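# Sequence first, then the predicted structure:
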Amino acid sequence: MKPKRLVVVRFRQDRNKWEVDHANPPGVWPARSRKLFETEAEATEYAAKVAKRLEAGTPAAQDPNMTLAAAFERYFRLKVRKRSLAKDRRHAEHLKAAFGQHTRLKDLTAARISAYRERRLAATSLRLKDAEGNPMPLSAASINRPLQLLRHLLHLARDEWGVLDAIPRVKLEKEPEGRVKWLEPDDEARLLAACADSGNSHLLPIVTIALETGMRYGEILGMTWERVDMSRGVIRLELTKSGRRREVPMRQAVYDALARLPGERQGHIWPEQSIRTAWETAVERAKLDDWHFHDCRHHFASWFMMRGGHLLALSKILGHAKVSMTEKYAHLAPDHLRAEIARTERAVEPVVGTKGTTGDEDTAQVLDFPRHSPVAQSVERVTVNH
């Protein structure tokens, strides 16, 4: 079979016009496109642009027929340095399966997206089960993350790529306020004992570091000996969620856990890429309900505030980009609101009124007005005159 040429320019006698028949880049549907021109010069000029684009292997800057698959291909070329790219790829595969990879972006209407969200609301988790063993509904976050990626993709297609003139509204589910959880001392002791009994010898030190520093799961598993300064008692983090370097001070429990590790002090500290199975087994043995690894971070932050730590210091230790992200722990500070109320309390001078006095028995009524208000002054005059 004779292979098709990438770009063909021909005169259509039935239309009395010049036609450019060309292949589309991989991932663009349909596989070929045709466009008519009044003159041969216009057709030739357009054909040259298409041929140059095909040689470069890039999609059209303003391709009205760009498909979901082609859009994601371009998206991943743009976001090659994004740290959470693996998660985006999983969400992209899910969206292509849900809407069809050959679906054109302009065909993704608000109605289709709404129908997808309704199906997700009715779906259940493949992994999480309730106390009776029944699959649990998908969380709002599980529903929103693919939708957020789709919304961002559509914004790029309209604002930067010029593919869409308008984009549909993508409605997200309301997510509950972030979890604030902590373990009581006996719960923490059971968890650490279960980790100590684990067949994974690194589980106990990893969990100890999580509970005593508030470091994220990825930050802990990515630790290297070169970033651990035992002499200063700090852990230096280069790759963080906020993109900012930070140093995390060690408590004695963290120092001891690292000091007891065998082997050479170079390279990655933990050979494991995942401790999920060992962790879930330890949580089950410790009889902890609804306790995730990230909750160790909440545990550290909660006890830090309950033991009198300062909010700004906690924000720096956790690596939050804004202090507002740390404020959800502020209510745990001991007497923090009561102390502020007492500090800002104004002095109130009691004013004795005469209303209701009978015989020689005095009846006092305390009236709470600002001292220099007209009402207070008039009351004072009445009292003095009396």
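Sure thing, it's come through.

# how about the strands of the stretch 1-150 of the chain, start to end?
7-12, 17-23, 32-37, 124-129, 135-137 (DSSP state E, counting those that start in this stretch).

# rank these by mean pLDDT and give me the bottom one.
Here the lowest mean pLDDT among the strands of the stretch 1-150 of the chain goes to strand 124-129, at a mean of 82.

# re earlier: among the strands of the stretch 1-150 of the chain, which comes closest to D159?
Smallest distance to D159 across those (CB to CB): 24.1 Å, for strand 32-37. C-betas here are computed from N, CA, C, even on glycine.

# most packed of the strands of the stretch 1-150 of the chain?
strand 17-23 (a mean of 19; mean count of other CB atoms under 10 Å).

# For the nearest residue to A110 once chain neighbours are set aside, give its distance to M66.
What sits nearest to A110 in space, not counting adjacent residues and going by CB to CB, 6 or more residues apart in numbering, is P168, at 3.8 Å. Going from P168 to M66 by CB to CB, to the nearest Å gives 15 Å.

# swap in R119?
24 Å.

# neighbour-wise, which of these two wins?
Neighbour comparison, R119 and M66: the larger count goes to M66, with 25 against 11 (by other CB atoms under 10 Å).

# quick one, domains of the protein?
7-56, 68-159, 185-340, 347-386 (automatic domain parsing).

# so for the third one, what's the average pLDDT?
It stands for domain 185-340. Computed over domain 185-340, the average pLDDT equals 90.

# before we move on, the earlier item: can I get the domains of the chain in CSV including distance to K174?
Shown next, in CSV, are these (distance: least, CB to CB, whole Å):
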stretch, distance to K174
domain 7-56, 35
domain 68-159, 6
domain 185-340, 17
domain 347-386, 41
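
# Next one: the closest residue to K35 other than its chain neighbours from E38, what distance?
Of all residues not flanking K35 in the chain, V20 sits nearest, at 5.1 Å (CB to CB, 6+ apart). Between V20 and E38 the distance, using CB to CB, works out to 12 Å.

# Over to Y217?
62 Å.

# Give me the more crowded residue out of these two.
Y217 (18 against 10).

# pretty sure the more buried one is touching W279, no?
No - using CB atoms under 8 Å, Y217 makes no contact with W279, being 9.3 Å away.

# dump the residue contacts of the nearest residue to M223 once chain neighbours are set aside.
In space, and not counting its chain neighbours, M223 is closest to I269: 4.7 Å by CB to CB, 6+ apart. Contacts for I269 (CB atoms under 8 Å, 6 or more residues apart in numbering) come out as M223, T224, W225, V228, L258, L261.

# Just the buried residues out of these, in PyMOL syntax.
In PyMOL, this line selects whichever of the contacts of I269 come out buried by 16 or more other CB atoms under 10 Å:
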select buried, resi 223+228+258
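
# separation between the closest residue to L221 other than its chain neighbours and L258?
Using CB to CB, 6+ apart and skipping the chain neighbours, the partner closest in space to L221 is W270 (5.6 Å). Taking CB to CB as the measure, W270 falls 11 Å from L258.

# Pretty sure the residue nearest to K35 sits against R34.
Yes - counting by CB under 8 Å, V20 does reach R34; the two are 6.9 Å apart.

# does R158 count as helix, strand or coil?
Recorded secondary structure, R158: helix (DSSP: H, G, I helix; E, B strand; the rest coil).

# Ignoring the adjacent residues along the chain, who's closest to it?
Using CB to CB, 6+ apart, the nearest residue to R158 is L164, at 4.4 Å.

# Look at that neighbour and give its secondary structure.
Going by three-state DSSP: L164 is coil.

# Give me the neighbour count for it.
Applying other CB under 10 Å, I find that L164 has 21 neighbouring residues.

# next one: E264
Using other CB under 10 Å, E264 is surrounded by 6 other residues.

# Once you drop chain neighbours, what's closest to it?
W225 (8.0 Å).

# so who does the one you found touch?
By CB under 8 Å, 6+ apart, the contact list for W225 reads E264, R265, Q266, G267, I269.

# and the gap between the last one and E219?
With distances defined as CB to CB, the gap from I269 to E219 amounts to 12 Å.

# quick revisit: please report the distance of the residue nearest to M223 from P262.
Note on I269: its distance to P262, by CB to CB, is 11 Å.

# ok, S201 - contacts?
Contacts of S201 by CB under 8 Å, 6+ apart: none found.

# separation between it and L261?
Taking CB to CB, one finds S201 at 9 Å from L261.

# same question, H102
52 Å.

# what does P271 give?
As judged by CB to CB, P271 and L261 stand 11 Å apart.

# E188 too?
Using CB to CB, E188 is found at 21 Å from L261.
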